[in-house]
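S.K.: Provided below for reference: sequence and predicted model.
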Amino acid sequence: MALIKSVRGFTPQIGENCYLADNATIIGDVVMGKDCSVWFNAVLRGDVNSIRIGDRVNIQDGTVLHTLYEKSTVEIGNDVSIGHNVTLHGAYVHDNALIGMGSTLLDHAVVGEGAIVAAGALVLANTVIEPHTLWAGVPAKFIKKVDPAQSKELNQKIANGYLMYASWFKEEDTQK
């Protein structure tokens, strides 16, 4: 069972039909929408400020979400995929965005709707990534515009895939 821990008077609020891996950790001021999944070794640490997560968000294995005390928050829209081993610190990710594996987003970075942050990218503090663009590199830079329909299709395919994967684990839990 996932570790869900209250701190400073805040208890995480988990939406309907969410899957939390056995060793996921969710702490403090975290509010999560419905149909989300938080995978193995992911840590959502809402101890020093708030973390807000929309619907149908998947937060993959080894990811860490955290903030700065009284200075930054994490906000994630709907239908967002956060890849394996991402560090997302005090950033805002709009709907239908894809954050690639091993990337890092720093405080007050903003990822626009349908944008893609490539695997391994470092998005510096205060960077604004326009909607429907691809950014990559260290530090991350604009690479190209992406077709909004293609971006939405890709990102929703991944988000829906994670809903399916989560259902496999829920089935296993009910068979025990």
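M.R.: Arrived safely. Residues are numbered from 1 along each chain as shown.
S.K.: Which residues belonging to stretch 152-164 are considered buried?
M.R.: By neighbour count on 16 or more other Cβ atoms under 10 Å, the buried set for stretch 152-164 is 152, 154-155, 158-159, 162. (Glycine included, C-beta is placed from N, CA and C.)
S.K.: contact partners of that stretch?
M.R.: Defining contact as Cβ atoms under 8 Å, 6 or more residues apart in numbering, one finds that stretch 152-164 is touched by 35, 37, 56-58, 60, 79-81, 96-98, 114, 116.
S.K.: from those residues, which is closest to A166?
M.R.: Distance to A166 across the contacts of stretch 152-164 (Cβ to Cβ) is lowest for S37, with 4.3 Å.
S.K.: From the chain's centroid, how far away is the strand ranked longest in the chain?
M.R.: Assignment by DSSP state E gives strand 43-53 as the longest strand of the chain. Distance of strand 43-53 from the chain centroid (Cα atoms, centre = their mean, to the nearest Å) equals 11 Å.
S.K.: ok, now stretch 19-36?
M.R.: For stretch 19-36, the distance to the chain centre is 11 Å (Cα atoms, centre = their mean).
S.K.: residues of that stretch that come out buried?
M.R.: For stretch 19-36, using 16+ other Cβ under 10 Å, the buried residues are 19-21, 24-30, 32-33, 35-36.
S.K.: and K170, that's in a helix?
M.R.: Yes. K170 sits within a helix when classified using DSSP: H, G, I helix; E, B strand; the rest coil.
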